[in-house]
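Engineer: Sequence plus predicted model, see below.
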Amino acid sequence: MQMNQLGRTGIEISELCLGTMTWGTQTPEIDAHGQIDMALEHGVNMIDTAEMYPTNPLSAQTQGDTERVIGTWLSKKKARRGDILLATKVSGAGYKNVRDGAPVSRQTIEIAVENSLKSLQTDYIDLYQLHWPNRGSYMFRQNWAFDPSTQSKPETLAHMQEVLETLQDLVIAGKIRHFGLSNESAWGTSQWLRLSEDMNLPRVVSMQNEYSLMCRLFDTDMAELAHNEDVGLLAFSPLAAGLLSGKYQGDVTPAGSRRSHVLDLGGRITPRTLPAVGAYLQVAQKHGLNPCQMALAWCRTRPFMASSIFGATTQDQLEIALASVEVELSDEVLADLQLAHKAHPMPY
């Protein structure tokens, strides 16, 4: 398992990060605990979750169950707490199942951290992330109509300062160790960085945005920022919500799959999607590769990648993903993947 730096912290994180968003809905607690054990055995040292999980479907009744599933594992394996880097996220404006959609603020962060610590049954969180910015985001297909013209820069900067001061207090209290962003932009990240440096406040160490063969918004401005500022990408949906496995080809919906709960896969199903998947599947077939392992191995080649967050509903899926670290992509494979990308850019 390749290890990468987490920002400028000196901490090393595994190239694969265990995602958890189905734990408590699609994935029962006993299976989730087995996934943690298996992932650790294979060298994974990072687990990512969020206070709003599980998904598929999202509901007020299950909100927080994923953190509680992790917490019951930690309660049984207290001696292993130091073996994992635990990352979670505070929800923000608009998500009604958590604090009735209140935006991120000092008050909501303090409440959220206490709730997460209790649910996770731990004294500290290694990486605390803002799930999305208060001012909005172009992630999750919102890029097609993104309009920042209603933003107020003074309001945004005042909010960022309040958040950074809150995080500083939590670091001093020993409740969190480091701070990361999610679903952020290059401009937004640059402002977080500037304020932290000007005011000697916690510096963002990572960015959790969507990234895969099918979704490459990170490749331009964010890639440059990540390189120059040491803010590595924690890529979510590196398998494009399961599309790159090929299981949805022919426009089918396997029983129990993510699509059986979310028909359009969060806006990822468009008239261009399945043809694009088909092009990547052809590359895998041509070179004798498992398509999931190919997709994860490709993420590893990206210069800004800190870790790819993958999820597994079953143990078989987990084993396939973990084995991707043994896959090295040849120049010929990479060239074919680039041709497929140029033929099918941003299919959703």
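Structural biologist: Now that the structure is in, tell me what you want to look at. This structure is a prediction, so every number in the text was calculated from the model and none was measured.
Engineer: got the buried residues for stretch 335-348?
Structural biologist: For stretch 335-348, the neighbour count (16 or more other Cβ atoms under 10 Å) marks Asp336, Leu337, Ala340, His341, His344, Pro347, Tyr348 as buried. Every C-beta, even on glycine, is put in place using the N, C-alpha and C of the backbone.
Engineer: Tell me if I'm right that Tyr225 and Trp187 touch.
Structural biologist: Careful, residue 225 is Leu and not Tyr. No: counting by Cβ atoms under 8 Å, Leu225 sits too far from Trp187 to count as a contact (9.4 Å).
Engineer: Those two - which one has more neighbours?
Structural biologist: Leu225 (21 against 13; other Cβ atoms under 10 Å).
Engineer: show me the contacts for the residue nearest to that one when sequence neighbours are not counted.
Structural biologist: Of all residues beyond its chain neighbours, the one nearest Leu225 is Ala186 (5.0 Å), with distances taken as Cβ to Cβ, 6 or more residues apart in numbering. Contact analysis of Ala186 by Cβ atoms under 8 Å, 6 or more residues apart in numbering lists Asp221, Met222, Glu224, Leu225.
Engineer: same thing but at 7 Å, please
Structural biologist: Each residue near Ala186 by Cβ atoms under 7 Å, 6 or more residues apart in numbering is listed here: Asp221, Met222, Leu225.
Engineer: end to end, how far does stretch 3-13 reach?
Structural biologist: Distance across stretch 3-13, first residue to last, is 5 Å (Cα to Cα, to the nearest Å).
Engineer: Repeat that for stretch 165-183.
Structural biologist: OK, stretch 165-183 end separation, Cα to Cα: 21 Å.
Engineer: do stretch 87-95 as well
Structural biologist: Using Cα to Cα, the end-to-end distance of stretch 87-95 comes out at 20 Å.
Engineer: residues of it that come out buried?
Structural biologist: For stretch 87-95, the neighbour count (16+ other Cβ under 10 Å) marks Ala87, Thr88, Lys89, Val90, Ser91, Gly92, Tyr95 as buried.
Engineer: now it, how far from the centre of its chain.
Structural biologist: With Cα atoms, centre = their mean, to the nearest Å as the basis, stretch 87-95 stands 13 Å off its chain's centre.
Engineer: Where helices are concerned, which of the buried residues of stretch 335-348 count?
Structural biologist: The helices, defined by DSSP state H, take in Asp336, Leu337, Ala340, His341 from the buried residues of stretch 335-348.
Engineer: In contact with the last one, which residues?
Structural biologist: For His341, the contacting residues are Leu213, by Cβ under 7 Å, 6+ apart.
Engineer: and if you look at Asn143?
Structural biologist: Leu217.
Engineer: With Arg258 instead?
Structural biologist: Neighbouring residues of Arg258 by Cβ under 7 Å, 6+ apart: Asn56, Ala241, Gly242, Leu265.
Engineer: any idea which of those residues is closest to Ser206?
Structural biologist: Nearest to Ser206 among the contacts of Arg258 is Ala241, at 21.2 Å by Cβ to Cβ.
Engineer: what helix or strand is the closest residue to the closest one other than its chain neighbours on?
Structural biologist: Spatial nearest neighbour of Ala241, excluding adjacent residues (Cβ to Cβ, 6+ apart): Leu265 at 4.6 Å. Using DSSP states H and E, Leu265 sits within no helix or strand.
Engineer: Tell me both backbone torsions, phi and psi, for Ala87.
Structural biologist: Note on Ala87: its backbone torsions stand at phi -120, psi 130 [degrees, to the nearest 10].
Engineer: Just the pLDDT for the residue nearest to it when sequence neighbours are not counted.
Structural biologist: In space, and not counting its chain neighbours, Ala87 is closest to Leu127: 3.8 Å by Cβ to Cβ, 6+ apart. We have a pLDDT of 98 for Leu127.
Engineer: so Leu127 bridges to which residues?
Structural biologist: Ala87, His178 (DSSP bridges).
Engineer: Is it correct that it is in contact with Val171?
Structural biologist: No: in this structure, Leu127 is not within contact of Val171 by Cβ atoms under 7 Å, at 11.8 Å.
Engineer: between those two, who's got more neighbours?
Structural biologist: Applying other Cβ under 10 Å to Leu127 and Val171 shows that Leu127 carries more neighbours, namely 25 against 17.
Engineer: residues touching the more buried one, list them.
Structural biologist: Leu127 sits in contact with Leu85, Ala87, His178, Gly180, Ser206, where contact means Cβ under 7 Å, 6+ apart.
Engineer: dump the residue contacts of the most centrally placed residue in the chain.
Structural biologist: Centroid-nearest residue in the chain, with Cα atoms, centre = their mean: Phe236, separated by 3.5 Å. By Cβ under 7 Å, 6+ apart, Phe236 lies in contact with Gly19, Gln208, Glu210, Ile309.
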